[in-house]
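Asker: Sequence first, then the predicted structure, then my questions.
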Amino acid sequence: MEGTRDNGIEVEGLVREFKKGPRAVDGIDLTVAPGEIYGFLGPNGAGKSTTVHMLTTLLPPTAGTARVAGYDIVEQGPQVRDAIGVALQEAALDQFLTAREHMRLQAGMHGIPKAEALRRGDALIERVGLSDAADRKVGGYSGGMRRRLDLALALVHQPSILFLDEPTTGLDVQSRTALWDEVARLSNDEGATVFLTTQYLEEADALADRVGIIDTGRIVAEGTPESLKDEIGRPTVEAAPLEEADLERMRTALARFGSPQRADRGHVAVRLDERSAELADVVRALDAEGIAISDMEIHAPTLDDVFLAKTGRRLEGAAREAEEAKDTGELEAVPA
Amino acid sequence: MTADAAALRAPGRLVGAHAGTLTQVGYLARRSITRTVRQPLMIVPSLVFPLFLLAVNSSGLEAATVLPGFPTDSYLSFALGLTFMQGALFATMGAGQSIAGDIQHGFFNRLQLTPLRGRALIAGQLAGVMIQGLIQGIAYLIIALAFGAEFEAGPAGVIVLFALSALVGLAFGSIGLAIGLRTGNAEAVQGVFPLLFVLLFLSSGALPRDLITNDWFQTVATLNPVSYLIEGFRSLFITGWDGEALALAIGLSVAILLFGMWAATAALRTQMERT
Amino acid sequence: MSALETRFARGAWAVAWRGLHVMAAKPSLIIPSLVFPLFFFAAFAGGLSAVDQAPNFDYPSYTTFQYVFVLMQSAIFGGVFTGFGIAADFEFGFARRLLIASHNRSAIVAGYAITALVRALLVWTVVTIVAIATGLEVSGNVGDILEILVIAVMLNFAATMFASGMAMRFRTLQAAPLIQLPAFLIIMTAPVYVPRDLIEGWVASVAEVNPFTATLEAGRDLIIGAPAETLLAVGVAAGLIVVMLNWARTGLRRAEAAG
């Protein structure tokens, strides 16, 4: 056919309704540039998977249009599928087949001739570190191994755009980092365009060039992680006085640096709102008042804060992680 | 990066050939057969249950062979028609549950993301049914002959027996596929089992049609297509070459197969929502 | 009744009431228990009726012959289905609530047994009506009929105890085939199609020692008013009850230990 195909994604007014219930996807507009990693971040039920199913042609949209790799998702389904590699939330594998047999099947179904299929299959299996397990049935694989095989299978027909639907949910830290490295490599070294959905903000933060935050079927914020966080504001300083009696004085002293925030017991927190105010200024101010500090932390705004600002709620997983982080913080603060 | 190490295609290069339908059938059939062979515990009930019933019925109903008009003096030989027919029942369930499981666990989506042709999926799934039917048939035949059953049709008849078995298995397997595709739920497929069981037993499976003295039952058995399928199998054992019985069985199987394929294709179209 | 007995009765009745309530609220649940016996009755009494013309088949009516089979078979299968219900209750957590809430856990098992019995009585009523409509001949007296009922009730109780013992050990519906299979084997290796003396082959030997055979034969004799080995049948059923009661009791211990 014609010359260069673009590896981008353009979505306009995408809607998906189901017979029962509200709209799962309620008018989404987004653009992913070729070679970009786009992170689609949102809580469970936000519409991430439904969007992915539509963009990968598995589900027709109720309204709106989208072009993936330059092809219309409704009119040119087969061409879209040819250009994309997909790893869905459920690593849909056959527990009775080995990794090698999976590769053979996947490659064969895409029309890759046998010799080439074997070669590519083995290369990809090695690339994701499954060479040792390649002839064992998938039923005995760990969660991390399954995800890796899923990724390898998505790549067998050399697609230019990758869709990864919650690729690290349920994985241990090691597997997660390994997958992140591979995705980063695919993007940086080979110029893949990656559309990634996740409920983990640190995943969006670490991997994505741009992030789209979705809640109840709509995009509530979009931009690079930094610009989104900057939009929200400045870091929050949280401090605890050595003497409990000084708590109120500390509160007054810090009030001039920014707006008060929720803090743990015995602590005061403010979000710094002037560009010029720095941690050093805060310490100097407290020192001037003669307030001894037992604990001081600085929290940079997170994407969770962005989500909170836009929707009034916290991302589920993030809320839990934040609690855990706070707990460990407390323990460190206890004086000897 | 060399072409080997690069996971992605160079921009602008499109994939040329797509797999032809037959090639796809090959890959999917291979998978279906591999799955069947790697799940021996699934095959065991389809062997044990009919053979147990065969033993119990042969012992219990041997007395019936002395009834005037009973076509043979070996109830064992007579009952094998029902045994082979039961195999077809298991084929239905197997095919239906397999495809329903694929839908429930997302493997169906995986296949949809390839240039999968619907016809290839159906044909590929039925390959597994064929293999299971073959294993069952061999087991039934060996055990039957070991226990002294008659096989009037002789060595040539064995080919016809397995051909008929394959045909009936395909016919009922495609119905199972249709149910599995329509419901997308393995439990729903299980729920159909009692119905097929009823169909199997309200037939001439236990006694020849003309020896059924209960009018109501005889009517049902006469109207039930399964009776003729059983009689087709049975004829190879107790009669030899009964052209009419075989023609009826083959004709009905083909009719059921055509219906099953139509139903499966229609169900697949509804299930495959991809654009 | 002593205080302990009252509590037992109350506990048992509470469980039974819930089981009956579920049955009444969801009539579809009772359909398998009804359909299987009726189906067997149709297939055997209807389809195989010619068998009684075989020489040496001395029993007056094949319909009656099969009616007794279906009665006894449904007694056993009633227990099996109750076992499924118990397994489901364990799998979905309801059983745990029962175990925590009750003083005497055996009362729970008794409650299930009451539900099973009521279900069985329902099934027997329907089957009997259908059988009478299709030519059932009863020549036994009231005493004979009562004896048949007693035997059937005892079988039902033994089966329920077996099934609950299994259900409490496995605590998952995946054990259903394990509960069903022994029941099926016992039922099918008895004189199902013809009287014992007409069975050929190894099944005949099994039928000789099969406890179900005694109950079947007694029932078949009683219903036509012929001399029956009632004592043997009752004794066999009692023996089954003793064994299965223990099975259920130890099963209950296992379930309690698992928490």
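Answerer: Sure, I can see it.
Asker: What separation is there between A:Arg218 and C:Thr215?
Answerer: Per Cβ to Cβ, to the nearest Å, A:Arg218 is found 69 Å from C:Thr215. In short, each C-beta sits where N, CA and C put it, glycine included.
Asker: now do A:Val283
Answerer: Note on A:Val283: its distance to C:Thr215, by Cβ to Cβ, is 91 Å.
Asker: ok so, going back, A:Arg218 and C:Thr215: who's more crowded?
Answerer: More crowded of A:Arg218 and C:Thr215, by other Cβ atoms under 10 Å in any protein chain shown: C:Thr215, with 30 against 17.
Asker: List the contacts of that one.
Answerer: Counting by Cβ atoms under 8 Å, 6 or more residues apart in numbering or on different chains, C:Thr215 touches C:72, C:151, C:155, C:233, C:236-237.
Asker: Next one: it relative to C:Asp144, how far apart?
Answerer: C:Thr215 is 14 Å from C:Asp144, by Cβ to Cβ.
Asker: And for residue 103, the neighbour number?
Answerer: Going with chain A. Using other Cβ under 10 Å, A:Met103 is surrounded by 26 other residues.
Asker: oops, chain C please
Answerer: 10.
Asker: Stretch C:136-145 and chain B, are they touching?
Answerer: No - Stretch C:136-145 does not reach chain B (Cβ under 8 Å from any Cβ of the partner chain); its nearest approach is 13.7 Å.
Asker: actually stretch A:80-89, sorry about that
Answerer: Yes - interface with chain B: stretch A:80-89 contributes A:81-82, A:84, A:86, A:88 (Cβ under 8 Å from any Cβ).
Asker: which ones among those residues are found in helices?
Answerer: Residues of the residues of stretch A:80-89 next to chain B located in helices (DSSP state H): A:81-82.
Asker: The residue nearest in space to the middle of chain A: what's its closest spatial neighbour, skipping adjacent residues?
Answerer: The centre of chain A sits closest to A:Ala204, judged by Cα atoms, centre = their mean, with a distance of 3.2 Å. Excluding the flanking residues, the one nearest A:Ala204 by Cβ to Cβ, 6 or more residues apart in numbering or on different chains is A:Gly39, at 3.8 Å.
Asker: Roughly how far does that neighbour sit from chain B?
Answerer: Look at A:Gly39 and chain B: by Cβ to the nearest Cβ, to the nearest Å, they are 20 Å apart.
Asker: tell me the average confidence for the helix or strand hosting C:Ile76?
Answerer: Using DSSP states H and E, C:Ile76 sits within helix C:62-91. Helix C:62-91 shows a mean pLDDT of 92.
Asker: Next SSE downstream of it?
Answerer: Downstream of helix C:62-91, the first helix or strand assigned by DSSP H and E is helix C:94-101.
Asker: buried stuff in that next one?
Answerer: C:95, C:98-99 (16 or more other Cβ atoms under 10 Å in any protein chain shown).
Asker: How about stretch C:218-237?
Answerer: Judged by neighbour count (16+ other Cβ under 10 Å), stretch C:218-237 contains these buried residues: C:218-224, C:228, C:230, C:233-234, C:236-237.
Asker: Spatially nearest residue to the closest residue to chain B within the stretch 151-300 of chain A (excluding sequence neighbours)?
Answerer: Across the stretch 151-300 of chain A, the shortest distance to chain B (Cβ to the nearest Cβ) belongs to A:Gln158, at 3.7 Å. Leaving out its chain neighbours, the residue that sits closest to A:Gln158 by Cβ to Cβ, 6+ apart is B:Arg9, at 3.7 Å.
Asker: circling back: next, check the buried residues of stretch C:218-237 against the strands and list the overlap.
Answerer: Among those, the subset assigned to strands under DSSP state E is empty.
Asker: can you put the residues you listed in TSV and add pLDDT and distance to B:Leu41?
Answerer: Shown next, in TSV, are these (pLDDT from 0 to 100; distance: Cβ to Cβ, whole Å):
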residue	pLDDT	distance to B:Leu41
C:Ala218	95	39
C:Gly219	95	38
C:Arg220	95	39
C:Asp221	94	43
C:Leu222	93	43
C:Ile223	93	42
C:Ile224	91	46
C:Ala228	89	44
C:Thr230	92	44
C:Ala233	94	38
C:Val234	95	40
C:Val236	95	35
C:Ala237	95	35
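Asker: Take those and lay them out in JSON lines including distance to chain B.
Answerer: Formatted as JSON lines, the buried residues of stretch C:218-237 follow (distance: Cβ to the nearest Cβ, whole Å):
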{"residue": "C:Ala218", "distance to chain B": "19"}
{"residue": "C:Gly219", "distance to chain B": "18"}
{"residue": "C:Arg220", "distance to chain B": "15"}
{"residue": "C:Asp221", "distance to chain B": "19"}
{"residue": "C:Leu222", "distance to chain B": "22"}
{"residue": "C:Ile223", "distance to chain B": "20"}
{"residue": "C:Ile224", "distance to chain B": "20"}
{"residue": "C:Ala228", "distance to chain B": "22"}
{"residue": "C:Thr230", "distance to chain B": "25"}
{"residue": "C:Ala233", "distance to chain B": "21"}
{"residue": "C:Val234", "distance to chain B": "26"}
{"residue": "C:Val236", "distance to chain B": "21"}
{"residue": "C:Ala237", "distance to chain B": "23"}
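Asker: Please narrow the residues you listed to those residing in helices.
Answerer: Among these, the ones falling in helices (DSSP H) are C:218-223, C:230, C:233-234, C:236-237.
Asker: Low-confidence stretches in chain B?
Answerer: Filtered on pLDDT under 70, chain B yields the residue ranges B:1-6, B:10-18.
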